[in-house]
Each structure stands twice: as structure tokens, then as C-alpha cells.
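In: return a 3D structure for these sequence lines:
(one chain, ligands or ions: 1)
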Amino acid sequence: MSVYLNNGATTWPKPVCVPEAINQFILGRGANLARGSSSGRDIDTLDLVTTTRQKLARFFGGFRKADPRYVTFTGNVTESLNIVMKGYLRSGHHAVTTSMEHNSVMRPLRRLEAGGVRLTMLECDSRGLLDPGDLLALLERKQVDLFVFSHASNVCGTIQPLAEIASICLKAGIPCVLDSAQTAGVCPIDVESLGLSACCFTGHKGMMGPPGIGGVVWEPEFAAKVFPLIEGGTGSFSDDERHPEKMPDRFEAGTPNLPGIAGLSAAVDWIFETGIDSISEREKRLGKRFFEGVEGTPGLELYGLPAEGERLPVFAMNFTGIDNGTAAMELSDRWGIETRPGLHCAPRAHRTLGSYPSGALRISVGYFNTEQEIDIAIEAVRTIAKEHQA
Ligand SMILES: Cc1ncc(COP(=O)(O)O)c(C=O)c1O
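Out: Have a look, this model is predicted:
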């Protein structure tokens with residue numbers, strides 16, 4: 001038996017409608033986007049892409065009556081963050097982020113820093129939480145051009161106070177860019193009412209879609225200030241050798257991941273039908289069961305907030321007497337439990353939590369986990385802690 005507890009890496013399994021939609025696209029439609037003779041298949045494909053943009057505009061709150069043109073498709077949130085940050089920030093700009101970021105935020109920022117962008121990192125506390133007062137104080141003292149951060153930590157599940165942070169940025173007139181990798185599909189995010197400049201998402205985690213599809217939901221005036229990083233064929237304005245300024249073409253060039261869009265579209269339908277609240281309630285319940293089952297175990301150190309805190313069911317831990325890589329192997333070999341050890345592409349987050357350089361073992365719960373699986377994981381974690389403490 002296998003127990004999948006690595007949903008922070010990618011959710012699995014997917015709702016069955018997702019592989020079905022991908023299959024249907026490849027077998028039935030299979031046409032490229034805006035690169036045909038307006039056959040039925042061409043129109044079906046255009047319809048799929050347009051409808052999915054509309055759904056995503058609704059899913060994320062959307063702008064100007066959920067204008068689907070301001071939804072850009074990318075391959076994943078990493079690409080989205082690169083498009084936004086490298087397209088907006090210039091030498092001499094000042095970008096601010098937190099000490100809990102994934103390398104998808106950190107590495108593009110370090111590249112930009114090498115090119116003359118000033119970078120400030122706000123330190124989060126040892127539970128991974130940002131104090132919005134620190135951001136406010138910085139904005140009062142310094143000129144800032146962009147604030148970018150992850151809604152929730154992929155290491156320990158801590159959820160940042162998004163509404164408060166977004167409101168501070170809005171009042172200061174600073175573009176606020178969100179990495180929603182861990183929260184989209186699990187926490188409601190209304191991009192317009194929060195006043196975000198760009199919300200970057202990935203389709204394969206809480207959104208339940210396949211890997212290889214992600215995107216950006218833009219605030220229109222901000223989008224107009226971002227230089228397009230990738231230019232090329234769009235199937236539109238083909239008489240012009242310059243890349244179109246118009247949305248959605250401005251940030252999309254080359255053939256999109258159409259099977260991925262088909263899968264994501266079905267996944268978003270599934271989330272609408274199931275309800276974000278009931279998805280989140282179920283995940284929280286399973287997470288609480290796990291947390292309470294292992295909390296206080298001698299020889300086990302847990303990082304992040306307690307079960308009742310603003311957190312996702314993503315748990316980082318270390319054992320006395322066994323390194324987290326070996327513990328992950330034991331969980332896999334003896335109980336069939338799939339987890340992720342190490343640094344989780346977020347070394348500074350581990351420094352913040354006190355688990356650098358060895359990292360931690362991450363157990364991340366998903367909607368399709370069962371109580372029985374959680375109980376197996378509790379028993380396994382307690383057993384490893386006990387055996388290695390001696
Ligand atoms: C917070 C966070 N940001 C960014 C990413 C990168 O996601 P992707 O590989 O889909 O681009 C992840 C993936 O683990 C993540 O958890």
C-alpha cells in the first residue's frame with residue numbers, strides 16, 4: 001500500500017475529470033490555438049482556451065468584470081514569477097520580499113540584484129510568519145518599487161496575513177505580487193478586492209490540474225508596465241514583426257500547453273462544484289488529526305504554527321538520532337509513505353525556522369487523503385521517533 005503525503009510537491013491523485021479532459025482534448029480536438037482554418041476543431045480549441053480564461057478570472061476574483069484577457073497562461077508559477085519580476089524591475093529599483101520564499105521568488109530576485117536591483121528581505125519569525133508592521137515601517141522609510149511574497153510556506157504551511165499585507169501595499173501605492181503556489185484552490189483569493197498587481201499561480205498543486213500549466217492574473221494598469229519577456233508567434237497580428245501589445249497576446253507566445261489547459265479547466269470546474277470551503281475544511285481536519293497525533297512525541301521537533309493557527313496541512317519536522325533523508329526512506333520502505341525531505345527549494349525559509357542546513361522532513365496532506373492514511377502516518381512517525389531516540 002502506498003500513502004501519498006507529498007501534496008505540497010504536487011497534488012495526487014487528481015479528480016478523475018482531469019485526465020478525462022486531457023484525453024478528450026488529445027483524442028478529439030487536438031488543434032492548435034488560432035493557427036488553423038477555423039475548422040470545428042479550431043473553434044473548439046479557441047473556445048476551450050477562452051472559457052478557461054473566463055473561469056480563472058472568476059476563480060481569482062478577476063478584474064474589470066472578470067476580464068479574461070488579463071489571465072495569462074504559463075507553464076507554472078516559476079515562469080509566471082519570472083515574467084512578472086523580470087518584466088517589471090529595472091536597475092535602480094528596490095524590490096522587497098520575505099525570508100520564507102521559495103527559490104521561484106528568490107532566484108529571479110538574486111539575478112535581478114546582480115543586474116542592479118536593490119533587494120530587501122524582511123525576516124519572518126521562527127514560525128515563518130511575517131509581521132506586516134515590518135513592511136509598513138520599511139515603506140515609511142524607503143522608496144520601494146515592488147513587494148513579492150508567497151501566500152503560504154511550502155516548508156511549514158504558515159499562511160501570511162495576505163489581506164493586511166495587500167492593504168499596506170495598496171495604501172503605499174506599491175505593486176504587490178503574490179506567489180499563490182500553495183494556496184490557490186485551497187484558500188479563496190480575490191485578486192481585485194485585495195488590490196494585488198499580479199497573482200501568480202500553478203495548476204498542479206491545490207488547483208488539482210496537471211503539471212505544466214500555470215499563469216498570472218493581472219491588474220490591467222500594472223500589466224501595461226511589464227515588459228514582455230517572451231515574444232514570438234501568437235497566431236494574431238501576423239503582418240507585424242513586433243510582438244502585439246494587446247492582451248492576452250502580450251505575455252503569451254508560442255503554442256500553449258493545450259492539454260494542460262483542458263485539464264486545468266476541468267479541475268477548476270471540480271473545485272467550483274466541490275467548493276473551496278469544503279476542500280479547505282477537509283484538509284484542515286485531516287491536518288489537525290495528524291498534528292494532534294504526533295504533537296509532543298519525544299524525539300520529534302515540529303516547525304511552524306500549531307494546528308489551530310493560520311496554516312496549511314503542510315508539516316515540517318525533524319527526529320532526534322536520525323536525519324530527515326533517512327527518516328523519509330524509512331517511512332517509504334516500511335509503511336509506503338511518500339514524503340519529501342531536505343530543503344524544499346527554500347533554504348532561507350529553513351534558516352528562518354532553524355532547520356538549515358539539514359532541512360526537514362515534510363508531510364503534506366491533500367484532499368484525497370483518508371483518516372486511515374493519516375493514522376498510518378501518525379503511527380509511523382511516532383515509531384521512528386521512539387526507535388531512534390533510544
Ligand atoms: C511556494 C511555492 N512557490 C513556487 C513553487 C514552484 O512551483 P512550480 O514548480 O509549479 O513552478 C512552489 C512549488 O513547490 C511553491 O511551493
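In: got the end-to-end distance for stretch 302-314?
Out: Length of stretch 302-314, first residue to last, C-alpha to C-alpha, to the nearest Å: 11 Å.
In: swap that for stretch 232-247, please
Out: Using C-alpha to C-alpha, the end-to-end distance of stretch 232-247 comes out at 14 Å.
In: quick check: residues of the stretch 201-350 of the chain near the ligand?
Out: Residues of the stretch 201-350 of the chain found near the ligand (C-beta under 6 Å from any ligand atom) are 202, 214. For the C-beta atoms, the positions are set from N, CA and C on the backbone; glycine is no exception.
In: quick one: contacts for the closest residue to the ligand within the stretch 201-350 of the chain?
Out: Closest to the ligand within the stretch 201-350 of the chain is Thr202: 3.5 Å, counting by C-beta to the nearest ligand atom. By C-beta atoms under 8 Å, 6 or more residues apart in numbering, the residues touching Thr202 are 76-78, 80, 181, 184, 214.
In: can you pull the contacts of the residue lying closest to it once chain neighbours are set aside?
Out: Spatial nearest neighbour of Thr202, chain neighbours left out: Val77 (3.7 Å); criterion: C-beta to C-beta, 6 or more residues apart in numbering. By C-beta under 8 Å, 6+ apart, the contact list for Val77 reads 104, 179-181, 200-202, 214.
In: could you find the closest non-adjacent residue to His204?
Out: Take His204 and drop its neighbours on the chain: the residue closest to it by C-beta to C-beta, 6+ apart is Pro211, 4.3 Å away.
In: how about that neighbour, secondary structure?
Out: Put simply, Pro211 is coil when judged by DSSP: H, G, I helix; E, B strand; the rest coil.
In: that one: what's it in contact with?
Out: Contact analysis of Pro211 by C-beta under 8 Å, 6+ apart lists 10, 76, 203-204, 260.
In: kindly report the same for Val365.
Out: Applying C-beta under 8 Å, 6+ apart to Val365 gives the contacts 5, 7, 283, 286-287, 290, 313-315, 374.
In: what's the closest non-adjacent residue to Gly354?
Out: Per C-beta to C-beta, 6+ apart, closest to Gly354 is Ser126, 6.0 Å.
In: report how many residues lie close to the one you found.
Out: Neighbourhood size, Ser126 [other C-beta atoms under 10 Å]: 11.
In: is it true that it lies in a strand?
Out: No. Checked against three-state DSSP, Ser126 lies outside a strand; its state is coil.
In: for it, what are phi and psi?
Out: Main-chain dihedrals, Ser126, degrees, to the nearest 10: phi -70, psi 0.
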